[in-house]
Every structure is written in C-alpha cells, then in structure tokens.
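> What follows is a predicted protein model with its sequence.
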2 protein chains.
Amino acid sequence: MGRWEPNARGRLARAALVLSAEKGYDATTVAEIAAAAGVTERTFYRYFADKADAIFPDNTGLLVRLSAVVTDAVDAGHNPLDAALTAVQELAMYASQEPERTRLNAQVIPAVPALAGRELLRQRQIADAVSQALSHSGVPALDAQLAAETALGVWRVAVAEWARDAQKGALTDVVASTADAARSQTSRVRLRSPTTSSDVAEARPAGQ
Amino acid sequence: MGRWEPNARGRLARAALVLSAEKGYDATTVAEIAAAAGVTERTFYRYFADKADAIFPDNTGLLVRLSAVVTDAVDAGHNPLDAALTAVQELAMYASQEPERTRLNAQVIPAVPALAGRELLRQRQIADAVSQALSHSGVPALDAQLAAETALGVWRVAVAEWARDAQKGALTDVVASTADAARSQTSRVRLRSPTTSSDVAEARPAGQ
DNA sequence: GTGAGTGATGTCAGAGTCTGACATCACTGA
DNA sequence: TCAGTGATGTCAGACTCTGACATCACTCAC
C-alpha cells in the first residue's frame, strides 16, 4: 500500500455526486467534497478542472466506441436511424455499468442550469460523433444529422423516464422500448425503401 | 437628466461583449466591464445574475413571438418543417436588429465552453417552444420535435456560416438559403403528401 | 417649501472558486 | 544510501458572487 489511500479521483467524484444529491450542488463546497474524500481542496483541482467536472463521467473512449458501433451497424445493413440507435443502446450499457451513479446524475444535473448546459455540450459531442460515423459510412450528411439528433432525442426521453420512475426497470430496457416507439412513429413519415411514387423519385436506397 | 447616465444595463452588456471579443471572456473581469460602463462591480450584479448573463441577449418576449409565428404558419397551411423554419427566420430578424452584437456573440460564445453550454440551453428553450406551438396546432408530438430540431439545425449552420464569412451578406439571407437547402434535402427522405405506395400507407395528410 | 419616502447606486465584508509557487515525504532505483 | 519522482499539503491571491447598510437626487404629499 502506498503513502495515501488509492483512487482519490474516484472518492472525489463519488463524494461530489452524493453530497450534491443530498444537499444540492450549489450548497456543496469543494472543501466539503475534498474533506469527504480525505484530501485537501487543492488536490481536488489536481483531478478535476472545475467543480462541475467531478459530476460528469469520464468520456474517454466513449466517443470512439460509439463511432465503432455505428459503423458496424451500417455495415450490417441497418438504416441510419437504426444505426444511430445502436449508439444509444451502447450509451445505455455504459450508463448501466454504474446504475447508482447514473441515477444520481439524472437527479443532480437537470436541477442546475450550469450542469444542464454542460450535459447538452456532452450530448452534442455524442451527436457529432454519431453523425460523422454515419457520414463516413456513406450516409448523406443531412440524413446522418437527422438520425443522430433523433437518436439523441430518444436518449433524453428514455433517461428522463427512467430517472422519474424507478419501477421502469433497467435503463437499457427503457431505451429499447423508447427506441421502438420512435421507430414506429418515424416509419409513418420517413421512407424506409425506394418506391415508384413520383413524390419520392429522388429517394436513395435505404442501405446506402 | 437624472442623477446617473441612463441605460446602465445596455452599457454593461455592450462593454461585456466588446471587451470579451477584444481580450477573451475569461480574461475580462467584471470589475473591468463595470468600469468601462461607468458603474461599480456591485451594480453589474444588480442587472445581471452572473457574468455570462451580460453576453446573452434578453429573450423576454422572444419565445412568445416564435410560438405565435409558428401557429400562424401552420394555420396558413404550411407543413411542420416550413412552419418551424418561419420561427428561425423570425429569430434571424431579431438578431438582425443588432447585427454587430450578433456578430460579436457568434465570435465570443463558441470559444468559451461555459457560454456554449448556456447557448445550447437557450436553443433548447427555443426548440421546446417551437415544438409545443406545433403540437398545439395539431402536429403529432414526434413530428413536431423533429421539425423543431431540424429547424434549429438550420439556425446553427446558418449562424456559423454567417459569422465565419462576412461576405455572405445579411443573416436573414443566409438563413433563407440554408433553409432552402434543408428543405430540398429533406424532401428526398420525408413525405410531403400521401401516396398510394404500400410503404407509406400509414402516412397522415401533410396539413393535419 | 419641507420632510418622508423611493430608487439607483456606492461601500464594505465575506464566502466560495480556482490557480501559481513552493514544501513535504514515502517510495524507487542506481 | 542518496538523489530523484510523484502525489499531496500549505499558502497567498485574484476573481466571482452576495448580503447588509449607506448615500443622495428626485418625487410626492402636506
């Protein structure tokens, strides 16, 4: 064993989230978080750029993973929306690895504008990654953006529902059923395959 | 004339934006902004909740106006996307009333994550307002969301392009041509009217 | 006209965020 | 054994934001 307890970063992140859930993010000081983790305030800032940083999960590798999942889905013949939705399922699996943390995140973040804004920034990174992965797989840029935005909408709705109602079951299940609902609704207004109708004469093959 | 120069709020907002554009938002202190406006730091916080607040335009009335515009467009027979795009045009007209301010905003905000997050929060409010206006006009919820998100995407692209290239002309024109591009692209993948194709048998009438 | 509000601003103190500079000290490897 | 190394502590200070109280031109009864 070293000179200090290991995993100071993990203890700080956990303390930040638990204290923020208990008494509110704004009412929780960095000094308190540091004390709860058994370090000084200065050490907190060696692990996190700012207070908000301790609330958000580390995204290292996530975007790369999502891109890979989307690319695989397109290669497997899925249409853009379905491919984008596989990324959301992957996101759900990531979150499910730490359900308690995800639950606290969903409780703390929407209540604080500064954190909500940061979450939107994170979601935008995800949407951009998914959109670019689709584009690189041959999906036209606008279709790619639309699919990514739609998939992200599914994510927002699913997480909100899951966080609101503990009875809903696993996050991955809520995401799956939300995705199904989105698919069945968009299928009514979006083409799935080329037809002979003059209205859709320019439509491209779905798998392209 | 009163005891103090009138329009302290306006002077503060302008000083905040100009100084942030000159030397960077983070490097600009509230004390400097206040001094440039001829008031004290304390007075700054009587007009703005925080430093970032001075950078963003006042949205009072905007959301109401956008909702009205969207409702009118639907009543006039436009499809959901076109109706949502009228809101974006309205947004462009609002911004065009203060082109210099809009230009500085587009320069300062994306460069600072905290401001970018806040801008996304503002855009989400706009998207929600547009989406709800569409819903209240009879557009199915998911279609309404899709139209609102798409329209907002047009806004983001148009503003970025306008800010990047001063040659592009008026913001309203850039928005108009971007909207046209979006329309022509989405028309290829989205139904505009019912057909007899079995693929679209469930499609609802466009004006509903 | 005069005195009691009123409202925008100033002054002051202090908590909290974040950063730079330097000190400490268990551990590691030559 | 002794000079790094690296994670942490200590200290000072700039900056953000807030509460409490003071100031003072202006206004409105009386």
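Here it is on my side, so go on.

> buried set for stretch A:117-136?
A:117-124, A:126-127, A:129-135 (16 or more other C-beta atoms under 10 Å in any protein chain shown). The C-beta positions use only the backbone N, C-alpha and C, and glycine is treated the same way.

> How about stretch A:57-73?
Within stretch A:57-73, the residues scored as buried using 16+ other C-beta under 10 Å are A:57, A:62-63, A:66-67, A:69-70, A:73.

> quick one: which of these is nearest to DNA strand D?
Taking C-beta to the nearest atom of the strand as the measure, DNA strand D lies nearest A:Pro57 of those, at 19.5 Å.

> touching chain B at all, stretch A:149-162?
Yes - part of stretch A:149-162 sits near chain B under the criterion C-beta under 8 Å from any C-beta of the partner chain, namely A:149-150, A:153.

> Looking at those, state which has the most neighbours.
A:Thr150 (26 neighbours; other C-beta atoms under 10 Å in any protein chain shown).

> so who does it touch?
A:81, A:84, A:182, A:186, B:146, B:149 (C-beta atoms under 8 Å, 6 or more residues apart in numbering or on different chains).

> same check, this time on A:Val69
For A:Val69, counting by C-beta under 8 Å, 6+ apart, the contacting residues are A:86-87, A:90.

> ok so, going back, nearest to DNA strand C, of the buried residues of stretch A:57-73?
A:Pro57 (17.7 Å).

> closest to chain B among the contacts of A:Val69?
Of all those, chain B sits closest to A:Ala87, with 16.8 Å by C-beta to the nearest C-beta.

> How many residues are close by the closest one?
28.

> re earlier: if you look at the buried residues of stretch A:57-73, which of them are in helices?
Among these, the ones falling in helices (DSSP state H) are A:62-63, A:66-67, A:69-70, A:73.

> Next SSE downstream of the helix or strand containing A:Thr86?
If you go by DSSP states H and E, A:Thr86 is part of helix A:80-96. Using DSSP H and E, the helix or strand that follows helix A:80-96 in sequence is helix A:99-108.

> Report the rounded mean pLDDT for that next one.
Here helix A:99-108 scores 94 as its mean pLDDT.

> And that helix, what does it pack against?
Contact here means 3 or more C-beta pairs under 8 Å, 6 or more residues apart in numbering or on different chains; DSSP states H and E; on that basis helix A:99-108 packs against helix A:8-23, helix A:141-164.

> mind running it again at 6 Å?
On a contact count with 3 or more C-beta pairs under 6 Å, 6 or more residues apart in numbering or on different chains; DSSP states H and E, helix A:99-108 meets helix A:8-23.

> hmm, the helix it packs on touching DNA strand C?
No - figure legend: helix A:8-23 not in contact with DNA strand C (C-beta under 7 Å from any atom of the strand); closest approach 10.0 Å.

> How about stretch A:35-55?
Yes - Stretch A:35-55 is in contact with DNA strand C by C-beta under 7 Å from any atom of the strand, via A:41-42, A:45, A:49-52.

> Can you pull out the residues in contact with that stretch?
A:8-9, A:11-13, A:15-16, A:30-31, A:34, A:115, A:118 (C-beta atoms under 6 Å, 6 or more residues apart in numbering or on different chains).

> now the residues of stretch A:149-162 next to chain B in CSV, with pLDDT?
CSV is the format used below for those (pLDDT from 0 to 100):
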residue, pLDDT
A:Glu149, 91
A:Thr150, 89
A:Gly153, 91
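
> Distance to DNA strand C added to the residues you listed, as a markdown table?
As requested, the residues of stretch A:149-162 next to chain B are exported to a markdown table (distance: C-beta to the nearest atom of the strand, whole Å):
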| residue | distance to DNA strand C |
| --- | --- |
| A:Glu149 | 30 |
| A:Thr150 | 34 |
| A:Gly153 | 30 |
